[in-house]
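Visitor: Just the structure for this:
(one chain, ligands or ions: 1)
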Amino acid sequence: MEITEFVKLRKEALAQEIKAMERPPHLMIILANDDPASAAYDRGKMKDGAEIGAKVDMTKFSPDVSEEELLGTIERYNEDPSIDGIIVQLPLPKHISEDKVKQAVLPSKDVDGFHPLSAFHPCTPYGIILYLEHEDFSFRGKNAVVLGRSNIVGKPMAQMLLKKDCNVTVLHSKTSEMDKAFYLAHADLIVVAIGRQGFLDNRFSYKKDAVVVDVGINRGEDMKLHGDAIPNLPVAMQTPVPKGVGLLTRLALMENLVQACQNKK
Ligand code: NAP
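Guide: Below you'll find the predicted structure:
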């Protein structure tokens, strides 16, 4: 099933779940930058919330907000029982410690899954797992290659695939091209999250029944969005960019939010 269709179905199911709840889940977004991309992401979150019947609010600070004020606001939202989920939109202004902010959010409200003790999975790998499960991908014993080892995508993706009994190999910028070619040629599942337009192309060979999940979002010279893989690799299934993993990430946030509200009962 196409990702757009899958996301539509899941959102309808979430809307039904919310209808049966005593009150709608409530997400609070904290924004402290003037970055147009962040504003666009946050509009997406508000739209998703409206679609499923969740309440999504935003507190916007000017980028010169002090760390103390930001942490104090998070603290207040942590204690507010009417708020189920808190997300702090990245990037933060340079004078504010990202680590301190991430750790300030109560793990039970950390629907982004950034806190080390978060009750939730980070949204991008979680959305990918939900989709692969829906597609009946049989994880057990499969060779999964994760390209990229960031804290928000590569590392948690590798951990989640390991939990699903895949044989997981993580490749990164220090992996030689020869080794990349070796591991990719044996991969049943490839998750690429490196931020390099068209990195996976026909200079590598792939198993013809492989599945490629393209996390990359790169603004090309044509000003359009492109993935980390070229389109139409010779594999069984490849997720598109755009309208691919980005939608799964947004869905996973809503899944986490509904769960955060249900966990309170
Ligand atoms: P990141 O923090 O910049 O990490 C990039 C990772 O890729 C690093 O681990 C780096 O290795 C590795 N890498 C860089 N060049 C490489 C190369 N030539 N070969 C192999 N590995 C290489 O990036 P990120 O936040 O994980 O994001 C990755 C991409 O996914 C970006 O395009 C981002 O926009 C996109 N993204 C999309 C979504 C979505 O919802 N679709 C969500 C998050 C991110 P080292 O560790 O050795 O430096």
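Visitor: next one: stretch 139-159 to chain centre, how far?
Guide: Taking CA atoms, centre = their mean, to the nearest Å, one finds the center of stretch 139-159 at 13 Å from the center of the full chain.
Visitor: For it, buried residues please.
Guide: Buried residues in stretch 139-159, counted by 16 or more other CB atoms under 10 Å: 139, 142-150, 152-159. Bear in mind the C-beta positions are built from the backbone N, C-alpha and C, glycine included.
Visitor: how about stretch 58-66: buried residues?
Guide: By 16+ other CB under 10 Å, the buried positions in stretch 58-66 come out as 58-59, 61, 65.
Visitor: got the CA positions of it in CSV?
Guide: Extracted C-alpha coordinates of stretch 58-66, given in CSV (Å, rounded to 0.1, in the frame of the first residue of the first chain):
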residue,chain,number,x,y,z
MET,A,58,2.1,26.5,20.2
THR,A,59,4.1,28.7,22.5
LYS,A,60,6.4,30.9,20.3
PHE,A,61,9.4,32.6,21.8
SER,A,62,11.7,35.1,20.2
PRO,A,63,15.1,33.6,19.4
ASP,A,64,16.7,35.7,22.2
VAL,A,65,14.7,33.9,24.9
SER,A,66,16.9,32.9,27.8
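Visitor: residues from the chain in reach of the ligand?
Guide: 124, 147-150, 152-154, 171-175, 193-196, 215-218, 245-246, 249 (CB under 6 Å from any ligand atom).
Visitor: Could you pull up the residues touching the residue nearest to residue 188 when sequence neighbours are not counted?
Guide: Nearest non-adjacent residue to residue 188, counting by CB to CB, 6 or more residues apart in numbering: residue 142, 4.1 Å away. Going by CB atoms under 8 Å, 6 or more residues apart in numbering, residue 142 touches 166-167, 188-189.
Visitor: Max pairwise distance over those: which two?
Guide: Greatest spatial distance in those: 167 and 189, 10.0 Å, computed using CB to CB.
Visitor: Selection in ChimeraX covering whichever of the residues of the chain next to the ligand are buried, please.
Guide: The buried residues among those can be selected in ChimeraX (16+ other CB under 10 Å) with this line:
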select :124,147,148,149,150,152,153,154,171,193,194,196,215,216,217,218,245,246,249
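Visitor: hang on, the earlier thing: for residue 167 and residue 189, list the residues in contact with both.
Guide: Shared contacts of residue 167 and residue 189, defined by CB under 8 Å, 6+ apart, are found at 142-144.
Visitor: Out of the residues you listed, which comes closest to the ligand?
Guide: Ranked by distance to the ligand (CB to the nearest ligand atom), the shared contacts of residue 167 and residue 189 are led by residue 144 at 15.5 Å.
Visitor: coming back round to it: got CSV for the shared contacts of residue 167 and residue 189, with pLDDT and secondary structure too?
Guide: Output for the shared contacts of residue 167 and residue 189, formatted as CSV (pLDDT from 0 to 100; DSSP: H, G, I helix; E, B strand; the rest coil):
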residue, pLDDT, secondary structure
142, 98, coil
143, 98, strand
144, 98, strand
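Visitor: ok, back up a step: keep only those of the residues of the chain next to the ligand that are in strands.
Guide: When DSSP state E defines the strands, the subset of these inside them is 147, 171, 218.
Visitor: Would you check that residue 252 makes contact with residue 126?
Guide: Yes - Residue 252 lies in contact with residue 126 (CB atoms under 8 Å); the separation is 4.2 Å.
Visitor: what about the two, which has more around it?
Guide: Neighbours of residue 252 and residue 126, each counted by other CB atoms under 10 Å, are more numerous for residue 252; the result is 27 against 22.
Visitor: buried stuff in the helix or strand hosting that one?
Guide: Element membership of residue 252, judged by DSSP states H and E, is helix 245-263. Residues of helix 245-263 classed as buried: 245-261 (neighbour count, 16+ other CB under 10 Å).
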